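In: How does the following fold in three dimensions:
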Amino acid sequence: MKKTVILVLITAQLIAIANSEVFFGGKFIVYYNEDYYSYEWLKEYVTNLRALHGLETEERYVLDLKRAIDRASAETGLDPLLIVSVITIETEFRNVIGMAGELGLMQIKPETAEFVARVYNLPEPQSGWKVLFWDYELNILYGSYYLKYLLNRYKELPKALEYYNGGRWRNEYAKKILELYEELKSGS
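Out: The predicted model follows:
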């Protein structure tokens, strides 16, 4: 049986979703479809994407990845499927360095992460911001907080996604993420 919960969150208070380890908060519409965002679904999705690049995916990696996405979702109020969509378009779950110095799965620059840390009073990593390259939990958390910041600032998801990318092709980038996000939400 499919369980779908759609919440319009009016306050910043955290709300627990029954039968789930995920909590959501914030002022945006949050969508969560348990059938399409399970550990098994994420394992198959990530494994298939990484296999396209000749990368193997260990079960422990997917478990840690799901926990990182769930934590980022809980702290920022972003739908985990939105976070998955951003990671997919950015890196297809590969740990890479971008041409402009963006790091890791969510392609966040160290100076952007530092800005996010100041805005949200988050701790700076003791070993420096380069840790965003190999610490995917921190990368996903700070990348999600940056997207939350942009949502708060621009009030529209397409505009926030455009500014998350900031490049010359930002309109196409935002469109790709939104299309994938809708596809993942529908279970296609």
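
In: any idea where the strands of the chain begin and end?
Out: For the chain, the strands defined by DSSP state E cover 4-8, 15-16, 23-24, 29-33.

In: which residues touch the residue nearest the centre of the chain?
Out: The centroid of the chain falls nearest to residue 83 when counting by CA atoms, centre = their mean (2.2 Å). Listed by CB atoms under 8 Å, 6 or more residues apart in numbering, the contact set of residue 83 reads 69, 72-73, 140, 143-144, 147. Quick note: C-beta positions are derived from backbone N, CA and C, even for glycine.

In: which regions of this protein sit below the pLDDT cut-off?
Out: 1-36, 188 (pLDDT under 70).

In: 80 - rerun?
Out: 1-36, 166-167, 188 (pLDDT under 80).

In: tally of neighbours for the nearest residue to residue 104 once chain neighbours are set aside?
Out: Spatial nearest neighbour of residue 104, excluding adjacent residues (CB to CB, 6 or more residues apart in numbering): residue 139 at 3.6 Å. Around residue 139 there are 25 other residues, counting by other CB atoms under 10 Å.

In: One more: the one 3 residues further on?
Out: A total of 28 residues lie near residue 142 under the criterion other CB under 10 Å.

In: Touching, it and residue 131? I think so.
Out: No. With contacts counted by CB atoms under 8 Å, residue 142 stays clear of residue 131, the gap being 10.3 Å.

In: Can you tell me how far residue 69 is from residue 177?
Out: Distance, residue 69 to residue 177, by CB to CB, to the nearest Å: 15 Å.

In: try residue 186
Out: Remark: distance between residue 186 and residue 177 (CB to CB) = 15 Å.

In: Between those two, tell me which one has more neighbours.
Out: residue 177 (23 against 9).

In: Next, the contact list for that one, please.
Out: Residues counted as contacts of residue 177 (CB under 8 Å, 6+ apart) are 82, 85-86, 89, 161.
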